[in-house]
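In: structure of the sequence below:
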Amino acid sequence: MPKNKFGGNKSKKGKNIVEKKELVLDEEGELFAQVSKVLGNKRFEVRCSDGITRVGIMRGSMKRNQWVNRLDVVLIQAWDFQDAKCSILHKYSYDDYYELMGLKRIPENFVLEEDQDKDLDDFNPFDINDSDDEDIDLSDDPDNEKKEIDIDEI
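Out: I've put the predicted structure just below:
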């Protein structure tokens, strides 16, 4: 019996070779857009690069293969007979988004979800001041003496 040179069923499953696909650019009549709201039934509210908000409908070949979420960048084609609707042609990955930003093809007001959270790193709402001494500003008092508070006046 000949020796198995290529490996069995298990070794063939482990080989996932991912090839870099070619970047899809906009052509005449196509625009870049960002998904602002998921409406359901493969319909999305998209904010287009020309400043108009449209209802984007995912095309048939994308319906079972691609997941589109909020703040994703997509390529759309506006409908001629209804200005308020468009077809979603392609969804861009994060790497493609940054490549398009380098080519100056997308407007700078499109912000991804991972970039939106960068400003929150410096802010810590749970920063606790453990010092028992309270800082009292005595600059208003000309004598810089501590005032006694009469409880009956309150």
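In: show me where pLDDT drops low in the protein?
Out: 1-17, 114-147 (pLDDT under 70).
In: state the phi and psi torsions of Ile151.
Out: Ile151 adopts backbone torsions of phi -70, psi -30, taken as degrees, to the nearest 10.
In: ugh, typo on my part, it should be Leu103
Out: Dihedral angles (degrees, to the nearest 10) for Leu103: phi -80, psi 0.
In: quick one: it and Ile151, what's the gap?
Out: To Ile151, Leu103 is 71 Å away according to Cβ to Cβ, to the nearest Å. All C-beta spots, glycine's among them, are computed from the backbone N, C-alpha and C.
In: the more surrounded of those two?
Out: Leu103 (10 against 5; other Cβ atoms under 10 Å).
In: for that one, which residues are in contact?
Out: By Cβ atoms under 8 Å, 6 or more residues apart in numbering, the contact list for Leu103 is empty.
In: show me where the chain has its strands.
Out: 30-40, 43-48, 53-58, 73-78, 85-91 (DSSP state E).
In: just those: most buried one?
Out: Of all the strands of the chain, strand 73-78 carries the top mean neighbour count, a mean of 21, counting by mean count of other Cβ atoms under 10 Å.
In: and that strand, what does it pack onto?
Out: Secondary-structure packing of strand 73-78 (3 or more Cβ pairs under 8 Å, 6 or more residues apart in numbering; DSSP states H and E): strand 30-40, strand 43-48, strand 53-58, strand 85-91, helix 94-102.
In: now render these as CSV, adding distance to Val111.
Out: Shown next, in CSV, are the helices and strands packed on strand 73-78 (distance: least, Cβ to Cβ, whole Å):
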stretch, distance to Val111
strand 30-40, 8
strand 43-48, 11
strand 53-58, 16
strand 85-91, 17
helix 94-102, 10
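In: quick check: Val73 vs Asp80, distance?
Out: 23 Å.
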